[in-house]
Structure formats: structure tokens, C-alpha cells
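Asks: Sequence plus predicted model, see below.
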Amino acid sequence: MRVLGREIHGWGIPKSRPAGPPMVSVDDLNPFAFLGQTTPAPSEFSIFDGSKFSGGYGDTQVFELDYWTLRARSTELFYSNPYARGLLRRLVTNEINTGLTPEACPDEKIIGLPEDALVDWSEEVENRFLLWGKNPVVCDWLGASTFGAIQRLARLEALIAGDVLVVLRQPRGARVPQVQLVSGDAVRTPLLGETNIKSGHRIEHGVELDLAGRQVAYWVRQDDGSAKRLPAFGRRSGRRTAWLVYGTDRRLDDLRGQPLLSILLQSLKEIDRYRDSTQRKAVINSILAMFIQKDANMPGSLPTTGGAKRKTTGTVTDGDGSTRTRSLISQVPGVVYEELQTGEKPVGFHNQGVDTNFGVFETAIIQAVAWASEIPPEILTLAFSNNYSASQAAINEFKIYLNRVWSDWGETFCTPVYIEWLISEALSRRIDAGGLLSSWRSQDTADVYGAWTAVDWYGSIKPSTDMLKQTKGSAMLVEHGWSTNARESRITTGTKFSKNVKRLKSENAQLVEARRPLAEFQAEFGAAAEDVRAESFDGLEAWLDEQLEARGLEQC
């Protein structure tokens, strides 16, 4: 191979020159061309490895992920570090809140039905799924949590451990699946001799892979130390039974997820130590209120503990278990010292007791944590002190992040649960979905199956800081056809437009019935009714004037 007319051998190094960038003295560098240089500077060959000069980048670390240590340290910080706990709880509260809600959106055209033929079907499916999710006995394998609480728990566990194993159970006698969560820390590669897998399969980090690298089973460590295999799909039914849900983004070949705190472990640990040391310093310095300063080599008079003082005794237990007696001096604020020895004077302890730079340093660390977690610092710290434009910009940036999380969490966690629930409902004939079961069993009709099971997921909407401006903008978008009522209803209030219209229809009918007697009264009496109302008002005003006049007052 030739580069710039020179022969290159091996790893791209000129044959006549040793490896590495050339060393050239600064005095030997040619002057700049615009200063009159006409002869081109000699070209030099070097390998680009990211360094701007030799050794500029430093040593390169090749990482081998230690998932066990990362999980253990992440768990430790969650239980003991206020910064880690606050970060994780803020994320779960904003991302999941009360739980993502479904909006079934089957495609009638692909299914072969007229447009809007499945509107009522969609609302029935949504209502039935929400009723299933609100009953812990039917949706939770442990019978303790609603589907929204399961989402929060799964999201928190995925952020702490990097991933969480979701298992769908089909108990006997039940027609719908139940959700079970298994901590990602329990998914581990079993010991030698505990596995019996197919030829060609392999187990990496507790995940069993086939020849194509697909995840076919998960090995879960039991309380007695044994390992249990959970298949990803049922052997007979082919329905999904278990899968991993990740808390953070992964690279292409990563089988397991890293905890969210992985890159922040040391920073969060040290800022917490700094906070504890600053607090301890303040407490200790607050105890040292005053001392007696001696400027002469004279015997001390012990003004605090000596003399005729009111003393009490107390017993103190040392670390080795032994006890000793100490004297306690009862003091009253405003004590006056008398008969001080020559050279003695009371001196107050004027140390500030806190590190004045702690706040600035803490803010810098929290901003870095917020940046790495894609959270605006104002939302992470719940400190909204900026103007409207800045606060709205922070909320808008966070909404972009939330939309991505909702889409990812809905696709990886909620949609598989929804699909298995929908199939169970169709099998038990509680939902009429003609063509769903036949398309589910055939790969040739995968498009029809996807059209039946299409669903979107939405979380709790963050209200605008100026709702009037947002509603006016939404009305203008709908008026000009740049948006729809359904979309604006979702992003503004988090509700479904079709359901709002139905409820408004019922509410308006109730309002008409409530106003009917008044309308009939006015129609019967006409202007007389208005006169009665006016006379009643004038009489009330006259009575009020009399009461005020009796008290020496007058109306404002």
C-alpha cells in the first residue's frame, strides 16, 4: 500500500521510520506560508489514536464489566446515600408516577374493517385492562400490588440493578396472566454441573443463548443456592413467559444492563462523605462555646469546674465495658466569672463551624449528576428559582426525555404484558377480536396480528406553568389542522379526547336538566320574574343599609 507516494508496511508505519510520531524541534519548524514561505513543509506520517500529541490522551482502559460489584455498590448507595436515593426516586416519580396507561389503536384498514369500526372496541379493551391492573389479586403474582405499583417497582429495580426479569405466570383456574418480578441480581450463571442445556447453547451472565445469539432462557439463583431455568417462551404454547427489562441504554453486545449509578458511584460516595464531614465539623464546633486563655505562667483557677459550684454526678460506660464517674456542672446563661488568675481571660470560640465552599461544590456535583442522567438540575433539586422562560425550557427538555422513556418502557415492559393479557381475553371469549387468534398462530399474517395488538402508552403529564398560553396555542393548532384534538388532549391534560367527549355529553345533559326548572320559570313569568329578582335584590340592599347605619357604618 502506498500513502502520499511512500511505501507503507505492517501497521501503516513507513518502512524507513520507527513507529510513533516524529520528534521535531520547535526551532526547526518552517515559518507560516503567509509570511512568505513558498516551499511546502515536509509531510510527516503518524497514526491517529485520539491524542493531539504523543501521550496526550494517556493510558487507555479496556473495561471488563463486573456486574456483581456494580449492583452491590448501587444497592448500597440507594440505602445509604441521600443523593442516590433522591435521584432514583425523582426519576421513577416523573417517569412512571401512577403507572403508564394504554391507548389501544388497532389499524382497521390492515385488519380489513371500515374506518372507526373499532372505536368502541378500543375503549372496551382499555377499560377492561385498567380494571385488571387495579386488582392486585388478579394482576400480581404475589397479590400485593396494582399494575401501576408493579411498574414503579420494576423501573426502580431496573435502575438500581441494571435490569429486572419479568415473568408472566398463568395459574390454574385463572384466565389472565399474573406478573412476577425477579431482581436482576438473582439472574446468574449456575455452577458447573447444575445445567443441562441443548448442544450449541451457551450461558453468559445468567442468560442462555442459542446458536443465533437469541435469549431463550434465564437462570435464576434460588434461596438454597440452586439454579432454576425459566424459558423465555412456552415450549408448547409459544407464548412469552419471561424477558429482561433494562434500566439504562446498552451497547450492541451487552447482555445485561448497568445500574444507572454506575458512572456516578464514586462521585456520589465522596460528596456524601464531604457532606457528613462538614456536618460533623459544625456539630463539634458548636459544642466548643468558649475557653479560658492563659497569657502568664501561673496556676490555673479553674473558673468553670473549680470553686463552690453546684455539681451532679453521672456514670459513663467506656467502650471496654468499664464504668467511671464524672462531675457535671450546672450553668445558667449569663455566667459571670470572678477571681480569675492573673493572665487568664475567657475567649469565645469564633470558628464558623462550616465549610463555606460546600454549597458551591455540591451544586457543581449535582449539575454533573443531572447532566449524566438527562434531568434538568431544577427538576432534580426541586429548586425553581428562574424566570418563566428558563423554567419552561427546562420542563420542555425534560418532556423530550420523558417521551423517550415512555416509548421505551411501554415497548419493553407494558406492551408484552398487554399482548399476553389480550390473547388470554380473546381465548376466554371475553373480548371479541375476530382474526386476532388466527393471525397470532400464523407467521404469514404477522401484519394483522400487529394491527390488532397496536397500543400506545402515556404517563402523567407535567402541567404547563402557564395553562392559558398553552390552551390558546393548542386551539390554534387544531383550528389550522396542524394537530388533532386527540393529540392535544393527550399532551395537555393526559386524557383521551373520545372519552372526554362522551363524558361531556353526559354532563351537558345533566346540566340541561338542572337548568330546566329555571328556564320554565322564566318562560312562564317572563319579565315579571326579572322584576321579582330585582325587587328582591333592592330589598336586600335596603336592609343592608339599615344594618350598617345602625352601626354607624356605610357600604363601600
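Replies: Now that the structure is in, tell me what you want to look at. Numbers count the residues shown, from 1 in each chain.

Asks: Tell me where the stretch 151-300 of the chain is predicted with low confidence.
Replies: In the predicted model, the stretch 151-300 of the chain carries pLDDT under 70 at residues 288-289, 291.

Asks: What confidence value was assigned to residue 31?
Replies: As predicted, residue 31 sits at a pLDDT of 52.

Asks: helices and strands around whichever strand or helix holds residue 450, which ones?
Replies: Remark: residue 450 resides in helix 446-452, with elements defined by DSSP states H and E. On a contact count with 3 or more C-beta pairs under 8 Å, 6 or more residues apart in numbering; DSSP states H and E, helix 446-452 meets helix 108-111, helix 436-440. To be clear about C-beta, it is placed using only N, CA and C from the backbone, and glycine gets the same treatment.

Asks: Send me that helix as PDB with only the CA atoms.
Replies: This file holds the C-alpha atoms of helix 446-452, laid out as PDB (Å, rounded to 0.1, in the frame of the first residue of the first chain):
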ATOM      1  CA  ALA A 446     -48.000 -11.000  11.200                       C
ATOM      2  CA  ASP A 447     -49.200  -7.700   9.900                       C
ATOM      3  CA  VAL A 448     -52.800  -8.400  11.000                       C
ATOM      4  CA  TYR A 449     -51.500  -9.600  14.400                       C
ATOM      5  CA  GLY A 450     -49.600  -6.300  14.800                       C
ATOM      6  CA  ALA A 451     -52.600  -4.300  13.800                       C
ATOM      7  CA  TRP A 452     -54.800  -5.900  16.500                       C
END
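
Asks: Tell me which residues of the helix or strand hosting residue 502 come out buried.
Replies: Assessed by DSSP H and E, residue 502 sits inside helix 497-525. Using 16 or more other C-beta atoms under 10 Å as the test for burial, helix 497-525 gives residue 498.

Asks: pLDDT on it, on average?
Replies: 79.

Asks: do stretch 97-108 as well
Replies: The model assigns stretch 97-108 a mean pLDDT of 92.

Asks: which residues touch that stretch?
Replies: 114-118, 121-123, 125-126, 129-130, 133, 146-149, 151-152, 406, 409-410, 414, 418, 451-460, 490, 496 (C-beta atoms under 8 Å, 6 or more residues apart in numbering).

Asks: how long is it end to end?
Replies: 32 Å (C-alpha to C-alpha, to the nearest Å).

Asks: before we move on, the earlier item: deepest in the core, which of the helices and strands packed on helix 446-452 is it.
Replies: helix 436-440 (a mean of 18; mean count of other C-beta atoms under 10 Å).

Asks: Against which helices or strands is that helix packed?
Replies: Using 3+ C-beta pairs under 8 Å, 6+ apart, helix 436-440 sits against helix 415-427, helix 446-452.

Asks: What lies in contact with that helix?
Replies: By C-beta under 8 Å, 6+ apart, helix 436-440 touches 422-423, 426-427, 445-446, 448-449, 452-453.

Asks: what is the rounded mean pLDDT of that helix?
Replies: Rounded mean pLDDT across helix 436-440 is 87.

Asks: middle-most residue in the chain, spatially?
Replies: residue 91 (1.7 Å; C-alpha atoms, centre = their mean).

Asks: so how far is residue 471 from it?
Replies: Distance, residue 91 to residue 471, using C-beta to C-beta, to the nearest Å: 29 Å.

Asks: same thing with residue 51?
Replies: Residue 51 is 55 Å from residue 471, by C-beta to C-beta.

Asks: and the closest residue to residue 233 other than its chain neighbours, what is it in contact with?
Replies: Counting by C-beta to C-beta, 6 or more residues apart in numbering, residue 233 lies nearest to residue 240, which is 5.7 Å off, once chain neighbours are set aside. Residue 240 is in contact with 168, 232-234, 416, 419-420, counting by C-beta under 8 Å, 6+ apart.

Asks: Pick out the one among these with the largest number of neighbours.
Replies: residue 168 (21 neighbours; other C-beta atoms under 10 Å).

Asks: Tell me what it is bridged to.
Replies: Beta-bridge pairing for residue 168 (DSSP bridges): residue 179.

Asks: For ChimeraX, write the selection for the buried entries among the contacts of helix 436-440.
Replies: Buried residues within the contacts of helix 436-440, by 16+ other C-beta under 10 Å, are selected in ChimeraX with:
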select :422,423,426,445,448,449,452,453
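
Asks: Please tell me the pLDDT value assigned to residue 411.
Replies: At residue 411, pLDDT is 95.

Asks: care to break this protein down by domain?
Replies: Using automatic domain parsing, the domain ranges for the chain come out as 1-59, 67-294+357-462.
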